[in-house]
Every structure is written in C-alpha cells, then in structure tokens.
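J.: Whatever this is, show me its structure:
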Amino acid sequence: MKTLYLFVFSLIIIFFGCSSPAKNLKTTYNAEANEGMIVGTICIEKKLYNIFTFNYCNDVPAINNYPNSKDSFTFKNSIGDFNENGNVYYLFTIAKPAGKYKFFEIKIFNNMRNDPSTIKIPIDMKFVVEKGKTTYFGELKVNTQKKLYTVENQLERDKKWFAEKAPQIQF
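T.: Residues are numbered from 1 along each chain as shown. Below you'll find the model as predicted:
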C-alpha cells in the first residue's frame, strides 16, 4: 500500500512539476482608478525559440528615449493558447491607467542548445488605453526569422478565442 501511495505521489509531482505554468490573463481593471484595458493576440510565425518578452512603455517623448522595460509580459516554454497552420497564438491583456502607450521591443531568447542567444526586435506599435473600456488591439504577428512584425485585425476570431479562454473579458 505504501508503494502505491508513493507511486501516485511521484506521478503527481512529475505531472505538476514538469508542466508549464498557467498563463494568467488579467481579466479586470479599476475604472475608479482611471484604468482601462487592451486585449489582443500575439502570433509567432514558425516558432523556433522558447521565451518571448514584449516590452511596452508610456508614449511620451522624454520616456521614449529611455523606455522603462519593467512593463512587459513574457511567454516562456509554452505551446500557446492556440495553434493554426504551424503558427503559435497567445492571448494577452494589459490593464493600465488611461493614456498613450507603445510596444517598443520584442526580446526573443533561445536556451535550447549549448549556445543561448537573444534577439531584440525594436518596434513602434502605439496603443491607447481608455478609462473604463476594454479596447481591441489586434493581432501582433511576429516573424522571428525575418525580424518583421505587423498588426492585423482579427476581431471576430479573437472574440471567439477570448470567449473560450477568458469569457469574463468582453470587448
């Protein structure tokens, strides 16, 4: 009997210890504190790397010269929220005080081999957070091989995806 308990306990530790952590989407904001939210998707074309960090900052000229990279979100060793046609898709939300912001850098890290590498892609993708509103940003598509990015409107598809993964978010 002890062997059975030890076996089951070991399986539980292996299952939960080796699984990637659940990504937590922020699902609320505080409108009384002048906050709002943007939502969207990130598409990684032909995902070859395992850690992606998206840095954003206030869109203010003085700050743009030296952006504060503490505002970011990262996807680590994840299979993504959805996969289509060989591309990996992640849902994201950003809840911030009302104002103008921008994505300024995508940092891609690969530590799967003996030679870890980091790729930095400078970007300039502006967005506005409106007080008391959830605004759709779009799909930020990143081609890691060509170091290119685009924004596409995939509103209907993304509404379905958010309804499946985070139904409390309405936009």
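J.: hey, let's count contacts and neighbours off CA atoms from now on
T.: Noted.
J.: what residues does stretch 156-166 touch?
T.: 25, 27, 40-41, 91, 169, 171 (CA atoms under 8 Å, 6 or more residues apart in numbering).
J.: separation between residue 103 and residue 167?
T.: Distance of residue 103 to residue 167, computed by CA to CA, to the nearest Å: 26 Å.
J.: Comparing those two, which shows the higher neighbour count?
T.: Ranked by neighbour count (other CA atoms under 10 Å), residue 103 and residue 167 place residue 103 first, with 20 against 12.
J.: average pLDDT for the strand or helix carrying the more buried one?
T.: Per DSSP states H and E, residue 103 falls inside strand 99-110. The pLDDT scores in strand 99-110 average 89.
J.: Compute the distance between residue 158 and residue 39, please.
T.: Relative to residue 39, and taking CA to CA, residue 158 is found at 9 Å.
J.: hang on, the earlier thing: strand partners (parallel or antiparallel) of the strand holding residue 103?
T.: Strand 99-110 has the following strand partners under DSSP bridges: strand 51-58 (antiparallel), strand 117-129 (antiparallel).
J.: Comparing residue 158 and residue 39, which shows the higher neighbour count?
T.: Of the pair residue 158 and residue 39, residue 39 is the one with more neighbours under other CA under 10 Å, namely 24 against 19.
J.: Please tell me I have it right and the more buried one contacts residue 94.
T.: Yes: assessed by CA atoms under 8 Å, residue 39 is found in contact with residue 94 at 6.6 Å.
J.: quick one: the helices in the protein?
T.: 2-18, 61-65, 155-165 (DSSP state H).
J.: Tell me the pLDDT of residue 144.
T.: 78.
J.: How about the contacts made by it?
T.: 44-48.
J.: Distance-wise, check it relative to residue 162.
T.: 25 Å.
J.: List the beta-bridge partners for the residue sitting nearest the centre point of the chain.
T.: Nearest to the geometric centre of the chain sits residue 92, at 4.5 Å (CA atoms, centre = their mean). On the basis of DSSP bridges, residue 92 is bridged to residue 40.
J.: Looks like it contacts residue 37 (just checking).
T.: No: using CA under 8 Å, residue 92 makes no contact with residue 37, being 10.4 Å away.
J.: which residues does residue 110 form a beta bridge with?
T.: residue 117.
J.: For it, grab the count of nearby residues.
T.: Residue 110 has 17 nearby residues by other CA under 10 Å.
J.: where does the chain dip in pLDDT?
T.: Where the chain drops to pLDDT under 70, the residues are 1-24, 62-69, 112-113.
J.: Give me the residues contacting stretch 122-140.
T.: Residues from elsewhere that reach stretch 122-140 (CA under 8 Å, 6+ apart): 29-31, 34-43, 59, 95-106, 149-155, 170-171.
J.: I am finished for the moment; much appreciated.
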